[in-house]
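> Please find the sequence and the predicted model below.
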Amino acid sequence: MKITKYGHACLVIEEGDARIITDPGVYNETPNTTDVDAILITHEHADHCDIDQLKQILSLNPSAVVITHAGVGKVLDETGVAYTLIQDGEEVDVNGVSVKSSGTDHAIVYEVMPCQNTGFLIANRLFIPGDSFHVPSDAVEVLALPTGGPWMKTSEAIDYAKAVNPKVVFPIHDAMLTPEFRESFNNRYYPNALTCEYRDMSEGSVEEF
């Protein structure tokens, strides 16, 4: 599995014959890539679902399918973007690669659960939780770990990674962190605190898993 991190929560995942984009939002550059089979959207917030960017990606990839839940679907209905609905626990095939929805709720931000959120288990290996610390029932080999946001703190991220128990994690949801903070804290603290491999991926990184 090859993963390119465009920034924040936007990834391009290449597995087998499938090429999948996740959460294109306002904190990342628009992925200028073709031959995309699917775009997965975890929730409706602009840092995960930028409509203008989504339309640009679809213009380059007219056969790509947007896969998301009903909450995002309401937003897409208003903008004329077609999508395939997926529900919690449902699994779909993307050009021979399985994509399974897991979870329903965005993490609480000061007493309020802002919106619906789903994580995605891709190829039975990689789990992308969106804005949540949902622990899937399936085994996870690679975890895209949120490391920054108004709904979380570092100790929660570490406990979450330990609960999921993957072989390797890499950071997402980190666009609001300064490079200095990432270097002085994240890249020192997480490798020491976690019981699995921590592989740093900054904006523009490409890794094989």
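Yep, it's here.
> Let me see the ranges of the strands in the protein.
All strands of the chain, identified by DSSP state E, fall at 2-7, 10-15, 18-22, 38-40, 65-68, 84-85, 91-94, 97-102, 119-122, 126-128, 142-146, 168-172, 197-198, 206-208.
> which ones are touching residue 158?
190, 193, 194 (C-beta atoms under 8 Å, 6 or more residues apart in numbering). Where C-beta positions appear, they are placed from N, C-alpha and C, glycine not excepted.
> I'd like the strands of the chain as CSV, with mean neighbour count appended.
Shown next, in CSV, are the strands of the chain (neighbours: other C-beta atoms under 10 Å):
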stretch, mean neighbour count
strand 2-7, 20
strand 10-15, 22
strand 18-22, 24
strand 38-40, 25
strand 65-68, 22
strand 84-85, 13
strand 91-94, 16
strand 97-102, 21
strand 119-122, 24
strand 126-128, 25
strand 142-146, 25
strand 168-172, 23
strand 197-198, 15
strand 206-208, 11
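> what number of residues lie near the closest residue to residue 143 other than its chain neighbours?
Once flanking residues are discounted, residue 143 sits nearest to residue 166: 4.1 Å by C-beta to C-beta, 6 or more residues apart in numbering. As a burial measure, residue 166 scores 21 neighbours (other C-beta atoms under 10 Å).
> Give me the phi and psi for residue 166.
phi -80, psi 180 (degrees, to the nearest 10).
> which residue packs closest to the residue nearest to the spatial centre of the chain, ignoring adjacent ones?
Geometric centre of the chain, nearest residue: residue 128, 4.3 Å, by C-alpha atoms, centre = their mean. The shortest distance from residue 128 to any non-neighbouring residue, by C-beta to C-beta, 6+ apart, is to residue 144 (4.6 Å).
> so who does that neighbour touch?
Listed by C-beta under 8 Å, 6+ apart, the contact set of residue 144 reads 9, 11, 126, 127, 128, 129, 169, 170, 171, 172.
> Distance of the nearest residue to the fourth one once chain neighbours are set aside relative to residue 78?
Okay, so that is residue 127. Counting by C-beta to C-beta, 6+ apart, the nearest residue to residue 127 once its immediate chain neighbours are dropped is residue 140, at 4.4 Å. Note on residue 140: its distance to residue 78, by C-beta to C-beta, to the nearest Å, is 34 Å.
> the more surrounded of these two?
Comparing residue 140 with residue 78 by other C-beta under 10 Å, the one with more neighbours is residue 140, at 23 against 9.
> That one and residue 134: what is the separation?
Counting by C-beta to C-beta - residue 140 and residue 134 are separated by 11 Å.
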